[in-house]
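Asks: Any chance you could fold what I've pasted below:
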Amino acid sequence: MRRRDVIALIAGIAALPLAAHAQQAVPSIAQTASTDLSKCAQNSGGFPQRLDGPRWNGWGADLSNSRFQPAAMAGLTRDQVPLLRLKWAFGFLGRPAAVAQPTIVGGLVFVGGGDREVYALDAKSGCTRWTFKTEAVVRTAISFAPIGGTDQFAVLFGDLRANAYAVNAITGALVWKTKVEDHPAALITGAPTLYSGILYVPVSSMEEVTGSASAYQCCTFRGSVVALDIATGKQIWKSYTIPEAPRPTKQNATGTQLYGPSGAAVWSAPTIDVQRQALYVATGNSYSNPLADTSDAVIALDLKTGAKLWHRQATPNDSYVVGCYTDRINCPDDNGPDHDFGQSPILVTLADGQRLLVIGQKSGVVHALDPDQEGKILWQTRVGAGGPLGGIMWGSAADQDHVYVANSDVWFDGYKTLNPNAGGGLFALDLATGKISMQVPPVPCGSRSQCSPALSAAVTAIPGVVFSGGVSGHLRAYATDDARLLWEVDTAREYPIVNGVSARGGAMDGPGPTIVDGMLYVNSGYAQWGGLPGNVLLAFEVGNP
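Replies: Model (predicted):
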């Protein structure tokens, strides 16, 4: 397959911060054309609710990426969680995956559908306000903000061809579009983060897949963060995770010239430290030699200039491409374990004033770093075996005392089918010490096919409750004080929908639930890596006992 064909294929799928084997064929989902029945009434306009009311904006709900929703925003108590019932379901057309986390602001849901569409829906009914066509699939969470100097509001996001967008939140009209990286394998998978009129865009890639071909000059991509003016989309600065540009190194066995250093993609949303005027990102593995000491690392950048303030590497010598599992022709010498960081650092402050950056890694280790001492390691705790498919994947959550971590450790039998007996487990760690204070063991798959007990999806917390979705298709809620199961729903089934698209749920991976004003919103369906396909956004509310 030619390089451009490989990249075109990759751009249409949901990218992962890993690559352990070639893409598998996935079952198709029967679709019907959408109809006008799902459109909101013509006289509906503006925002149904106040903009300063309950909301979940962006990936982590706050600048610290805590994935913790306070009581006033959640509108949902621990006692009410067992009463959650499905209110509406919305189907996405044409894709076997629902990969983007919904944002809820002003009574509207903004979400990418995995189908080259971004949707604005009414949060209470699921009716459609508008749709916006994108150049490629949008898997990022969406950020909402006023556009400086105007009375307009925009939603901002990225796609799998490295385009960043600003779209009018009321009309769905394009405000601006900026390509932030020209490398043909570049993607935006992490949500752009907004602060003080600037959009900070993380850039990742799938070159560890495309770079495996014997005729491919592996590898030339470097991860980066790009700062854009929110009003115009113009670039303010761009900071590469690997400062040194790739250069020719050696030739592979077929005579193809190889390059390096490369890699260190940024898969997740940046975290903002207002106190230090810094931005924190976590990086993936290197792709080629020479090895970069900023791969598998947390990096601190200056908010105004993008200058690197410090970095702390968690796994040295981790250089890897997919070909390390096959012909190895472009596999780096002494290749590493593929222990990316796939999630955002969480910035927390303890009762005694100590500040921490807490982050889980695909190695299965949770790290706590001191942001005020150049990332000094304060504690490290292992909760999983780790591996190319995790370990700890897309997102952890933290309240004032604990960090909540889901473990994947997913495995395949012969890299063909999911092992139904490998992986899983949910943990709470004391923020001050790193000691495990709560543990939920893996939940067996039973007789379900295409199943794993792995917990890869991002977790979400509200006071007293942590929510975790599994590759099995189950979403579960546990009490944070005693690990008691409060509620669970099997999302892997067909649904009656509010729009004219056949829809069903499947594996849960990538995005986590968002909880706003007494409702829980979550996507279901993730066909990659052998999981059950699905294409549905589900909205739950508290019902009668």
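
Asks: mind checking how far the residue of the chain most remote from its centre is from residue 184?
Replies: In the chain, the greatest distance from the average C-alpha position (Cα atoms, centre = their mean) is reached by residue 255, at 37.5 Å. With the distance defined as Cβ to Cβ, to the nearest Å, residue 255 ends up 22 Å from residue 184. No exception for glycine: its C-beta is placed from N, CA and C like everyone else's.

Asks: just residue 64 next, same as before
Replies: From residue 64 over to residue 184 the distance is 34 Å, taken as Cβ to Cβ.

Asks: And residue 395, by the same measure?
Replies: Taken as Cβ to Cβ, the spacing of residue 395 relative to residue 184 amounts to 28 Å.

Asks: out of those two, which sits in the busier spot?
Replies: Between residue 395 and residue 184, counting by other Cβ atoms under 10 Å, residue 395 is the more crowded of the two (29 against 20).

Asks: Can you name the residues that contact the closest residue to that one other than its chain neighbours?
Replies: Nearest-residue entry for residue 395: residue 458, 2.8 Å, with adjacent residues in sequence omitted and distances by Cβ to Cβ, 6 or more residues apart in numbering. Contact criterion Cβ atoms under 8 Å, 6 or more residues apart in numbering gives 67, 101, 343, 393-397, 406, 510-512 as the residues in contact with residue 458.

Asks: swap in residue 132?
Replies: Contacts of residue 132 by Cβ under 8 Å, 6+ apart are 117-119, 165, 167, 172, 174.

Asks: quick one: which of the residues you listed is most hemmed in?
Replies: Looking at the contacts of residue 132 with neighbours defined as other Cβ under 10 Å, the largest count falls to residue 119 at 27 neighbours.

Asks: Name all residues that make contact with it.
Replies: By Cβ under 8 Å, 6+ apart, the contact set of residue 119 is 90, 109-113, 128, 130-132.

Asks: Counting neighbours, which of the residues you listed end up buried?
Replies: Burial by neighbour count, judged by 16 or more other Cβ atoms under 10 Å, picks out 90, 109-113, 128, 130, 132 from these.

Asks: From those, pick the one nearest residue 319.
Replies: Of all those, the one sitting nearest residue 319 is residue 112; the distance, using Cβ to Cβ, is 31.5 Å.

Asks: tell me which residues form a beta bridge with the closest one?
Replies: Beta bridges link residue 112 to residue 118, judged by DSSP bridges.

Asks: The residue farthest from the centre of the chain and residue 211: what is the separation?
Replies: Counting by Cβ to Cβ, the gap from residue 255 to residue 211 is 16 Å.

Asks: Kindly report the same for residue 316.
Replies: Remark: distance between residue 316 and residue 211 (Cβ to Cβ) = 21 Å.

Asks: Compare the two (neighbour count), which wins?
Replies: Neighbour tally, residue 316 and residue 211, criterion other Cβ under 10 Å: the higher count belongs to residue 211, 30 against 13.

Asks: and which of the buried ones among the contacts of residue 119 is nearest residue 517?
Replies: Distance to residue 517, by Cβ to Cβ, is smallest for residue 109 among the buried ones among the contacts of residue 119, at 11.4 Å.

Asks: Can you report how many residues lie near the closest residue to that closest one other than its chain neighbours?
Replies: If you skip the residues right next to it in sequence, residue 109 has residue 121 as its closest partner in space, 4.3 Å away by Cβ to Cβ, 6+ apart. The burial metric for residue 121, expressed as a neighbour count using other Cβ under 10 Å, is 27.

Asks: What of the one 4 residues further on?
Replies: Neighbour count for residue 125, taken as other Cβ under 10 Å: 14.

Asks: Report the secondary structure element holding the nearest residue to it once chain neighbours are set aside.
Replies: Here the nearest residue to residue 125 in space, its sequence neighbours aside, is residue 88; by Cβ to Cβ, 6+ apart that works out to 6.5 Å. For residue 88, the enclosing helix or strand under DSSP states H and E is strand 84-91.

Asks: Just list what that strand packs against, helices and strands only.
Replies: Contact partners of strand 84-91 among helices and strands, from 3 or more Cβ pairs under 8 Å, 6 or more residues apart in numbering; DSSP states H and E: strand 485-490, strand 494-495, strand 503-504, strand 536-542.
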